[in-house]
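> Any chance you could fold what I've pasted below:
(one chain, ligands or ions: 1)
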Amino acid sequence: MENPFGFQVKPEIKNGGEFVYIECTPAEHLQGWANILHGGILSTLLDEAITYVGISTFNQPAVTAQLEVRFRNPAPTCVKLHVCAERIKVSKRLVEAKAAVTLGDGTLIATGTGKVMPVSESFAPKSP
Ligand SMILES: CCCCCCCC(=O)SCCNC(=O)CCNC(=O)[C@H](O)C(C)(C)COP(=O)(O)OP(=O)(O)OC[C@H]1O[C@@H](n2cnc3c(N)ncnc32)[C@H](O)[C@@H]1OP(=O)(O)O
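Residues are numbered from 1 along each chain as shown. Next up is the predicted model:
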């Protein structure tokens with residue numbers, strides 16, 4: 001389903017999902033407080049990149065089964081963020097990946113690790 005409210009990221013996927021890179025400039029209304037980007041948004045960006053590692057590795061739909069995030073430095077809003085994810089481990093039903101969000105000057109904003117599991121095309125829950 002198209003989601004006009006999504007981040008509309010265009011992932012760069014290398015080596016069959018071993019590496020994923022996305023860029024995103026979160027808008028001002030996504031601040032938590034004091035012009036600091038909300039941690040949930042940073043988690044979402046890490047999640048997106050890690051999920052694309054899983055989707056590209058399995059070459060089928062996949063969802064996040066686990067996500068752990070560490071917030072290292074505050075990020076401003078309205079600034080381009082760089083998100084790099086890298087595959088760590090692959091097993092039959094699980095891909096593990098790590099990811100980092102950085103600013104253009106290299107400042108480390110957040111890091112995360114996640115586990116992604118493949119699902120069938122009919123996975124999505126039905127609307128009530
Ligand atoms: C375009 C894309 C960009 C979008 C990016 C956003 C991605 C998302 O946000 S996806 C949405 C958030 N995620 C979800 O909604 C997923 C919800 N969870 C689920 O649907 C299920 O729990 C699912 C599919 C992950 C796994 O379910 P299921 O296949 O039934 O497995 P389950 O019975 O829980 O576990 C079976 C085995 O898998 C393994 N396993 C499951 N989860 C984990 C885990 N987190 N870590 C390690 N092993 C695990 C274990 O071996 C487990 O066996 P046991 O329970 O005995 O340890």
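
> Quick one: find the helix or strand in this structure with the lowest mean pLDDT.
For the chain, the helix or strand with the lowest mean confidence is strand 31-33, at a mean of 89 (criterion: mean pLDDT, DSSP states H and E).

> Paired strands for that strand, with orientation please.
strand 36-37 (antiparallel) (DSSP bridges).

> Show me what the strand it pairs with is in contact with.
26, 30-31, 74-77 (CB atoms under 8 Å, 6 or more residues apart in numbering). The way it works is simple: take the backbone N, C-alpha and C, and place the C-beta from them, glycine included.

> in stretch 40-50, what's buried?
Neighbour counts using 16 or more other CB atoms under 10 Å place 41-50 of stretch 40-50 among the buried residues.

> Please tell me how far that stretch is from the chain's geometric centre.
How far stretch 40-50 lies from its chain's middle: 3 Å, per CA atoms, centre = their mean, to the nearest Å.

> That stretch near the ligand anywhere?
Yes. Using CB under 6 Å from any ligand atom, stretch 40-50 reaches the ligand at 47-48.
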